[in-house]
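1. Here is a sequence with its predicted model. Questions after.
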Amino acid sequence: MKRMFVNNAEMKKIILFFVIMGIYGIFVCGCGQFAQEANTGLPYSGDKETNEVTNPGSSDENKEAFDIEKKYEGKAVVLETVVDIFREPDINSERVTQAIFNQPVEVIEEKATWTKVKVVDGYVGWLRSKFIDRDCTSIMEEKYTDRAVITGKTKKVYSSAGGGVTLKDVVMGTELFIKGKKDRYYEVALPGGLTGWIDTKDTIKVPSGSLIPATSAQDFLATVGKFIGTPYLWGGVSSWEGVDCSGLVYICSRINGVDLPRDADMQFEFIKTGVGSMEELKVGDLLFFSSNNELKDISHVGVYAGEGKFVQAAKSKGMVVESDLNTEYYIKRLKGIKRIFE
C-alpha cells in the first residue's frame, strides 16, 4: 500500500475546514434560541421536545387574574352620566329605571343596536348598546383599595388635579375606584382604561368590597332635601334628568347606607320596621300612599321632614317639593309608615 504524506500547508487547510464547519454547526443549532429571544424579548426557555415557551409568571398570579376576569364575564359598564332602561328595545316603550355612569350591568341578550341588561337596582330592561362597554377594568374592585361615592347632586370629572378639561359629569350615587390622591383631588379609574380627577368635596371614601356605612335620619333627610326643585321623571333616579317618588327614596337611602328595592310597593314590603301612628312620626320616616281611599295598593312614597311636612317627587307638581301632610287628600290615602333610620 502506498503511504500518503501531508505537508504543513495542507494540514493547515484541513484544520481550518473543521473549524469553519464547527462554527457553522453552532450557528445553525442556536438560531432557534436567538430567534426566540429576538421575538419575545425573553431568554429562551423552550422545551427540547415541544419547543413551548414556559410562562414567566407564577401560577398563583395567573389563577388570580383568571378568576377576576371570570367574575366579570357577561358584565359591562355604563359609559354615560345617566342611561335610560326601557321595557322593550324601543325608545317609545316605558322607561322602567335608569343606570348611572360606571355602574355594572349584567348582559342578558343583544338585539341589533340594543342590549338587554339587569341593572344594580334589580330591574331588567333594554338600553342602547353604545352606552355600555364590555371592558370592566374600571369596576374590578379587586384591583383597587378604595372607592369614592358621590354624595352631591352632580360633580365634574376633570382631566387633571385642580381642573383641566371636563371629561364627564357624574351624579349622586356614582361610584369611582380611587387610584391615587393629590391635594384635595382623587385620581379615579374611568371606563375605557382612562383616568380622571374629582374634588374630594361631597364624596365619601369606602373600602373596596365594603358596603356604604349607614348614617342617620337627619343625614338621609338632608340628602333628600338636595333634590327639591328637581324635575319629576318617571323611572328617574338622578338630578341630571329627574326622579320619580321611589327613585328619590332609593338613591338617597343608598348613599346613606341603606339599600332598598327600586319601587314604592317593594320598598313597603321590604322594610320591616313600621310606625303605628302619626303621633310616632320621626324625621326621615317613609310615608306610603295608596292611589285611592280604599288603600288597596301602594302607589307613592315620600319622606317626613318634621312639623307636618314631607318631601316628595310629585308628578302633579312636575318636581320634587315639600308638601303639607295634614291635608284630607294625603291623610285619607296614607297606607302606612316605615322607618329605616332609628
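-> Now that the structure is in, tell me what you want to look at.
2. quick one: pLDDT of residue 231?
-> Looking at residue 231, its pLDDT is 98.
3. my read: it touches residue 321, true?
-> No. Residue 231 sits out of contact with residue 321 when judged by C-beta atoms under 8 Å, with a separation of 11.2 Å. (Each C-beta comes from the backbone N, C-alpha and C, glycine too.)
4. Looking at these two, which one has more neighbours?
-> residue 321 (18 against 15; other C-beta atoms under 10 Å).
5. Quick check: which element contains the more buried one?
-> strand 319-324 (DSSP states H and E).
6. Would you mind giving the secondary structure of residue 266?
-> helix (DSSP: H, G, I helix; E, B strand; the rest coil).
7. how near is it to residue 330?
-> 21 Å (C-beta to C-beta, to the nearest Å).
8. on that earlier part again, just the buried residues of the strand holding residue 321, please?
-> 319-321, 323 (16 or more other C-beta atoms under 10 Å).
9. mind listing what the residue nearest the centre of the chain touches?
-> In the chain, the centroid-proximal residue (C-alpha atoms, centre = their mean) is residue 103; its distance is 2.9 Å. Applying C-beta atoms under 8 Å, 6 or more residues apart in numbering, one finds that residue 103 lies in contact with 77-78, 119-120, 139, 174-175.
10. Bridge partners for residue 177, pull those for me.
-> residue 147 (DSSP bridges).
11. Just to check, it is in contact with residue 188?
-> Yes. In this structure, residue 177 is within contact of residue 188 by C-beta under 8 Å, at 6.4 Å.
12. So between these two, which is more surrounded?
-> Of the pair residue 177 and residue 188, residue 188 is the one with more neighbours under other C-beta under 10 Å, namely 25 against 21.
13. Need the nearest residue in space to the more buried one, chain neighbours excluded.
-> Spatial nearest neighbour of residue 188, excluding adjacent residues (C-beta to C-beta, 6 or more residues apart in numbering): residue 176 at 3.9 Å.
14. on that earlier part again, okay, and the common contacts of residue 177 and residue 188?
-> With C-beta under 8 Å, 6+ apart, residue 177 and residue 188 have common neighbours residue 148.
15. Out of the buried residues of strand 319-324, the closest to residue 259 would be?
-> residue 320 (21.2 Å; C-beta to C-beta).
16. which residues touch that closest one?
-> 227-230, 232, 243, 248, 311-314.
17. Try it again at 10 Å.
-> 224-232, 239, 242-245, 248, 302, 311-314 (C-beta atoms under 10 Å, 6 or more residues apart in numbering).
18. Tally up the residues packed near the nearest residue to residue 275 once chain neighbours are set aside, please.
-> The shortest distance from residue 275 to any non-neighbouring residue, by C-beta to C-beta, 6+ apart, is to residue 337 (3.8 Å). By the other C-beta under 10 Å criterion, the neighbourhood of residue 337 contains 21 residues.
19. which helices and strands sit right next to the helix or strand harbouring residue 337?
-> Using DSSP H and E, residue 337 falls within strand 334-338. Applying 3 or more C-beta pairs under 10 Å, 6 or more residues apart in numbering; DSSP states H and E, we find strand 334-338 packed against helix 264-270, strand 274-275, strand 286-289, strand 300-306.
20. Let me know which of those is the nearest to residue 160.
-> So among these, strand 300-306 is nearest, using C-beta to C-beta, at 38.4 Å.
21. correct me, but residue 247 touches residue 100?
-> No. Residue 247 is not in contact with residue 100 according to C-beta atoms under 10 Å; the separation is 11.2 Å.
22. mind listing what residue 87 touches?
-> 93-97, 123-126, 235.
23. In strands only, show me the residues you listed.
-> 95-97, 124-126 (DSSP state E).
24. Pick out whichever of the residues you listed sits closest to residue 273.
-> residue 97 (25.3 Å).
25. so what's the closest one up against?
-> Residue 97 sits next to 83-87, 119-125, 234-237, 244, 246-247, 250, 262-263 when contact means C-beta under 10 Å, 6+ apart.
26. Go again with 6 Å.
-> Counting by C-beta atoms under 6 Å, 6 or more residues apart in numbering, residue 97 makes contact with 85, 121, 123, 235, 262.
27. Can you point out the helix or strand that includes the first one?
-> Spelled out, it's residue 85. strand 82-86.
28. elements contacting that strand?
-> Judged by 3 or more C-beta pairs under 6 Å, 6 or more residues apart in numbering; DSSP states H and E, the packing partners of strand 82-86 are strand 95-100, strand 124-128.
29. hey, which of the ones you listed is tucked in deepest?
-> With neighbours taken as mean count of other C-beta atoms under 10 Å, the helices and strands packed on strand 82-86 reach their highest mean count in strand 95-100, at a mean of 24.
30. Count the residues that sit near residue 207.
-> Quick note: residue 207 (other C-beta under 10 Å) scores 11 neighbours.
31. The closest residue to it other than its chain neighbours and residue 331, how far apart?
-> Spatial nearest neighbour of residue 207, chain neighbours left out: residue 146 (5.7 Å); criterion: C-beta to C-beta, 6+ apart. Note on residue 146: its distance to residue 331, by C-beta to C-beta, is 46 Å.
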